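S.K.: structure for this input, please:
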Amino acid sequence: MKTIYLLRHSKAEKNLYYNDIDRPLTLRGENDAAKIGDYFKAKKYALDLIYCSPALRTKQTLENFLK
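M.R.: Numbers count the residues shown, from 1 in each chain. Model prediction:
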């Protein structure tokens with residue numbers, strides 16, 4: 001059976017100085033994304049396909065998740 005995992009972006013900077021699509025992750029967000037990535041590795045969850053929004057915060061979440 002196929003399983004779909006939905007992952008929301010990690011904690012991002014507030015929208016004070018950035019366009020919404022350009023908001024980066026906070027340090028906490030980077031660490032949280034790495035932690036959930038470690039969890040997926042420990043559980044040996046297989047990811048066959050990944051879709052990611054072009055927003056900076058989502059790309060950074062994915063990068064930290066995959067480390």
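S.K.: what's near enough to touch the residue lying closest to Asp20 once chain neighbours are set aside?
M.R.: In this structure, Asp20 finds its nearest non-sequential neighbour in Ala55, 7.4 Å apart by CB to CB, 6 or more residues apart in numbering. From N, CA and C alone the C-beta is placed, and that goes for glycine too. For Ala55, the contact set (CB atoms under 8 Å, 6 or more residues apart in numbering) comprises 9, 20-23.
S.K.: which one of those is nearest to Ile50?
M.R.: Closest approach between the contacts of Ala55 and Ile50, by CB to CB: His9, at 13.4 Å.
S.K.: tell me the contacts of the residue nearest to Thr26 when sequence neighbours are not counted?
M.R.: Once flanking residues are discounted, Thr26 sits nearest to Lys11: 4.9 Å by CB to CB, 6+ apart. By CB under 8 Å, 6+ apart, the contact list for Lys11 reads 25-26, 28-29, 32.
S.K.: may I see those arranged in TSV, with neighbour count and pLDDT as well?
M.R.: What follows is the contacts of Lys11, written out as TSV (neighbours: other CB atoms under 10 Å; pLDDT from 0 to 100):
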residue	neighbour count	pLDDT
Leu25	23	96
Thr26	15	97
Arg28	11	98
Gly29	19	98
Asp32	18	98
